[in-house]
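1. Return a 3D structure for these sequence lines:
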Amino acid sequence: MAQPVRPREEQRPSSEDEGREWRRRSKTLAFWVFFVLVAIFASKFFGSAPGSGDPILSYKEYKSLLVNGKIESAVIIDNEFHGTLREAEYTGLEQGKQQAYMNFVVNLGVIDAEARSEWEKYEVDFQFQNKPFNWLNVFFNFLPWLLFVGLWLFILRQMQGGPKGAFSFGKSRAKQVSEDLPKVTFEDVAGAEEAKQELQEIIEFLKDPRKFQRLGGRIPKGVLLVGPPGTGKTYMAKAVAGEAGVPFFSMSGSDFVEMFVGVGASRVRDLFEQGKNNAPCIIFIDEIDAVGRHRGAGIGGGHDEREQTLNQLLVEMDGFDSKEGVILIAATNRPDVLDPALLRPGRFDRQVVVDRPDVRGREGVLKVHVRNTPLDKDVDLKVIARATPGFSGADLENLVNEAALLASRFDRPSVVMEDLENAKDKVIMGAERRSLVISDAEKKRTAYHEIGHALVAKLVPESDPVHKVTIIPRGQSLGLTTYLPMDERHNYSKKYSEAVLTYALGGRVAEKLVFDEVSSGAQQDYRMATDLARRMVCDWGMSEVLGPLSYGQKNNEIFLGREMAQRRDYSEKIAEAIDEEIKSFIIEAENRALSLLSENLRMVHLLSEALLIHEVLDDAQLDRILAGEILERPKSRAKVNGRTEPEENTTKAVEGSEEEIKQTEEAPEAPPTEEKPTSED
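-> Prediction:
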């Protein structure tokens, strides 16, 4: 797995960028429209305060003005009398002042002949007018409905994430990689040579399909990339498209399933139609296990929306011909949960394993990732590759990035070997937590615990070499002991498994020897040892009592596999025998560790005191101490961001050493390795 190293060119906005820009503008427009509507609504109902227009008089006041001959003229609109006075009149007090008015309004209710005769009698010049049509009132009558419809459309567009609104429900959400972006090729992919060879035929077919069709050959319709997370399955698919120079459509398996019934099947049909219209091309479905799990598994029936989507996917893969030049590539890290109909020949004909790289592959991946990172001449990527067994491409990319950040923190012009080593330790063991307050007694117990692991690993044959021991808290641990395998291990022998059990319990045994009690700090050791012993008995057939049989069925999560619950395929008697054998393996390992540490208790004290002083010991330093050398005390730490870290307090490092070593000389011999009861782990 790697990233493209070609410089980016000036790019045109992609369809995804255009969609984001449209959503941003639509949100801004919707905000201003809403703001204007609220302003109009407020001015309609709250803008005209009482007294700001013509005063509204009571019928009694109107009658008084009419009888006294003070009304000069009037306009009658519907039943409202809009009158004009001959002279100004004054209304009541408002804000401490009298208000004069010349015009007024009064609602007469019904206008009959008697009212007209009174106006003529008192010489009122009156006329009738029709009430003007008020579009604003009509608009505000429909405003609640308009707001409701607008809100519904806005929510619908937000759910779909594009400008097509309700019409894009059944459309494919596949993203096409822009041709303007730098292409990913096989030169950018390292550590998966076999996978690249398998996919080379796909590339040749997309470039020249007649070469295969002439001989009657049929290129696989689908290729399933299988491998652990972070190994570069998605990147491998992009490299195939980049090598072939064809359009690349990418979509996640979870994008098919929506809250509405039938949307997933519709998107499958649209995706394949889109591929046929752009043939030759590559359709890539990431995490296909989200939609391709076993039908009928877990909760739900055959009417489940996910199963309808899977059925449509199966139909479409049968319906399109490989001669059309459409290749379907899918990726998953759970091939065991996929439906068998999806994996049969004619659909996903070929499965390509993209596994974690070996030592040569890791070196190649590191070379790809350091292309844009200046390295010091002392950097040896082979050493880093050998020291990172089990790392995926994503892990190695993270390691290089952490090393670059560390070099930047110290203002170095390039990345040195120390940065890569520290980055490796950070990725493996976690970040240092030097600010954590730990008492001297707890720190001492942690040192003896970690030395118990390391010394037992040194003394037991078949064990992995010790890489580093530290009592600096990292992650959630107060101390750590890491091991570095000399070679890649693909099989585990019984002797090796017993060696792992032995040094896994070395920390507990060291605490028990020195402090005559155990602590809760070894809970992870117990969990790991118990799990390993169970696998030795139940999966690997390493028990002499139970023989070469496999017991128990592996857990299959309810929504990821076939079974809703684990089924035990052995009797209660066998279950008791399994428990006894697991206990026997662990007790024997504890006794072996107890024997080794009792015989070398003096070394336990010396190594622990050195670890208290230095806080971190590597394999070479451990060997020097075991050979009788005395290590120099550590100096003050380097400056970081203009600040010098204080030197750790090491004055108590040798406190009590003479007394402990004296007790070592009088230490009793190791007890016999007979089985004895232990406390519950």
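2. list the helices and strands the longest strand along the chain packs on?
-> Longest strand in the chain, counting residues (DSSP state E): strand 80-94. Packed against strand 80-94 by the contact rule (3 or more Cβ pairs under 8 Å, 6 or more residues apart in numbering; DSSP states H and E) you find helix 59-67, strand 71-77, strand 97-107. All C-beta spots, glycine's among them, are computed from the backbone N, C-alpha and C.
3. strand partners of it, parallel vs antiparallel please.
-> When sheet partners are counted by DSSP bridges, strand 80-94 sits next to strand 71-77 (antiparallel), strand 97-107 (antiparallel).
4. before we move on, back to that, of all the helices and strands packed on strand 80-94, which lies closest to residue 634?
-> Of all the helices and strands packed on strand 80-94, strand 97-107 sits nearest to residue 634, with 89.1 Å by Cβ to Cβ.
5. Just list the residues touching residue 394, thanks.
-> 1, 229, 230, 231, 232 (Cβ atoms under 8 Å, 6 or more residues apart in numbering).
6. coming back round to it: and the strands paired with strand 80-94 as TSV, adding distance to residue 248, mean pLDDT and mean neighbour count?
-> Shown next, in TSV, are the strands paired with strand 80-94 (distance: least, Cβ to Cβ, whole Å; pLDDT from 0 to 100; neighbours: other Cβ atoms under 10 Å):
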stretch	distance to residue 248	mean pLDDT	mean neighbour count
strand 71-77	71	86	17
strand 97-107	74	80	14
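7. can you put those strands in JSON lines and add distance to residue 138?
-> Shown next, in JSON lines, are those (distance: least, Cβ to Cβ, whole Å):
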{"stretch": "strand 71-77", "distance to residue 138": "18"}
{"stretch": "strand 97-107", "distance to residue 138": "22"}
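8. Those strands: which one's closest to residue 484?
-> Closest to residue 484 of the strands paired with strand 80-94 is strand 97-107 (Cβ to Cβ; 94.9 Å).
9. What residues of the longest strand of the chain count as buried?
-> Using 16 or more other Cβ atoms under 10 Å as the test for burial, strand 80-94 gives 81, 82, 83, 85, 89.
10. With residue 436 as the reference, measure out to the second one.
-> By that I understand residue 82. Remark: distance between residue 82 and residue 436 (Cβ to Cβ, to the nearest Å) = 85 Å.
11. and if you look at the third one?
-> In this structure, residue 83 lies at 88 Å from residue 436, with Cβ to Cβ as the measure.
12. Pop the domain breakdown of the protein in here.
-> As given by the TED database, the domain ranges for the chain are 59-135, 178-353, 359-429, 440-554+569-627.
13. who wins for proximity to residue 155 among those domains?
-> With Cβ to Cβ as the measure, domain 178-353 is the member of the domains of the chain nearest residue 155 (12.4 Å).
14. average model confidence for that closest one?
-> Domain 178-353 comes out with an average pLDDT of 81.
15. One more: stretch 391-402?
-> 92.
16. Ok, stretch 465-482 next?
-> Mean predicted lDDT for stretch 465-482 stands at 88.
17. any idea how far that stretch is from the chain center?
-> 27 Å (Cα atoms, centre = their mean, to the nearest Å).
18. Pull out the buried residues from that stretch.
-> Using 16+ other Cβ under 10 Å as the test for burial, stretch 465-482 gives 466-474, 477-482.
19. now, the most widely separated pair of those residues?
-> Greatest spacing in those, by Cβ to Cβ: 466 and 473 (19.3 Å).
20. Return the set of buried residues in stretch 366-380.
-> 366, 368, 369, 370, 375, 379.
21. Now the terminal residues of that stretch, how far apart.
-> The separation between the terminal residues of stretch 366-380, taken as Cα to Cα, to the nearest Å, is 11 Å.
22. Could you point out which residue ranges in the stretch 501-650 of the chain have low pLDDT?
-> 553-567, 635-650 (pLDDT under 70).
23. all helices for it, in order.
-> 506-515, 523-538, 572-599, 601-614, 619-626 (DSSP state H, counting those that start in this stretch).
24. and the shortest one, what does it pack onto?
-> Packing partners of helix 619-626 (3+ Cβ pairs under 8 Å, 6+ apart): helix 440-459, strand 466-470, helix 601-614.
25. Let me know which of the ones you listed is the nearest to residue 291.
-> Using Cβ to Cβ, the nearest of the helices and strands packed on helix 619-626 to residue 291 is strand 466-470, at 42.3 Å.
26. which residues are in contact with that closest one?
-> If you take Cβ under 8 Å, 6+ apart as the criterion, strand 466-470 is touched by 387, 425, 429, 450-451, 453-454, 457-458, 479-484, 611, 615-619, 622.
27. Around residue 36, count how many other residues there are.
-> 10 (other Cβ atoms under 10 Å).
28. same question but for residue 330, I mixed them up
-> If you count neighbours by other Cβ under 10 Å, residue 330 ends up with 25.
29. when you give positions from now on, start the count at 30
-> Sure thing, new numbering starts at 30, so read that last one as residue 359.
30. Quick check: bridge partners of it?
-> residue 253, residue 314.
31. Check the spacing between it and residue 157 real quick.
-> Applying Cβ to Cβ, the value for residue 359 to residue 157 is 81 Å.
32. Then residue 347?
-> Distance from residue 347 to residue 157, by Cβ to Cβ: 80 Å.
33. and the contacts of residue 423 as CSV, adding distance to residue 658 and secondary structure?
-> Converted to CSV, the contacts of residue 423 look like this (distance: Cβ to Cβ, whole Å; DSSP: H, G, I helix; E, B strand; the rest coil):
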residue, distance to residue 658, secondary structure
30, 43, coil
258, 44, coil
259, 41, coil
260, 43, coil
261, 45, coil
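34. Out of those, which is nearest to residue 579?
-> Nearest to residue 579 among the contacts of residue 423, with distances taken as Cβ to Cβ, is residue 258, at 26.8 Å.
35. which residues touch that closest one?
-> Neighbouring residues of residue 258 by Cβ under 8 Å, 6+ apart: 362, 421, 423.
36. measure the residue lying farthest from the centre of the chain to residue 621 for me?
-> No residue in the chain sits farther from the centre than residue 150, which is 89.4 Å out by Cα atoms, centre = their mean. Going from residue 150 to residue 621 by Cβ to Cβ gives 128 Å.
37. likewise residue 174?
-> In terms of Cβ to Cβ, residue 174 sits 82 Å off from residue 621.
38. Tell me, how many residues neighbour residue 240?
-> Neighbours of residue 240 (other Cβ under 10 Å): 11.
39. Give me the contacts around the helix or strand hosting residue 148.
-> According to DSSP states H and E, residue 148 maps onto helix 142-150. Helix 142-150 is contacted from outside by 95, 103, 137, 155, using Cβ under 8 Å, 6+ apart.
40. Name the residues of it that come out as buried.
-> Within helix 142-150, the residues that count as buried by 16+ other Cβ under 10 Å are 144, 148.
41. Only alpha carbons, please: show it as CSV.
-> The C-alpha trace of helix 142-150 is given here as CSV (Å, rounded to 0.1, in the frame of the first residue of the first chain):
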residue,chain,number,x,y,z
ALA,A,142,-80.6,53.9,3.1
GLU,A,143,-81.0,55.5,6.5
ALA,A,144,-77.2,56.0,6.7
ARG,A,145,-77.1,57.5,3.3
SER,A,146,-79.9,60.0,4.2
GLU,A,147,-78.0,61.1,7.3
TRP,A,148,-74.8,61.8,5.2
GLU,A,149,-76.9,63.8,2.8
LYS,A,150,-78.6,65.6,5.7
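42. immediately after that helix, which helix or strand?
-> Helix 142-150 is succeeded, C-terminally, by strand 154-158 (DSSP H and E).
43. what's the angle from that next one to strand 109-123?
-> Relative orientation of strand 154-158 versus strand 109-123 (axes from the mean of the first three to the mean of the last three Cα atoms, to 10 degrees): 110 degrees.
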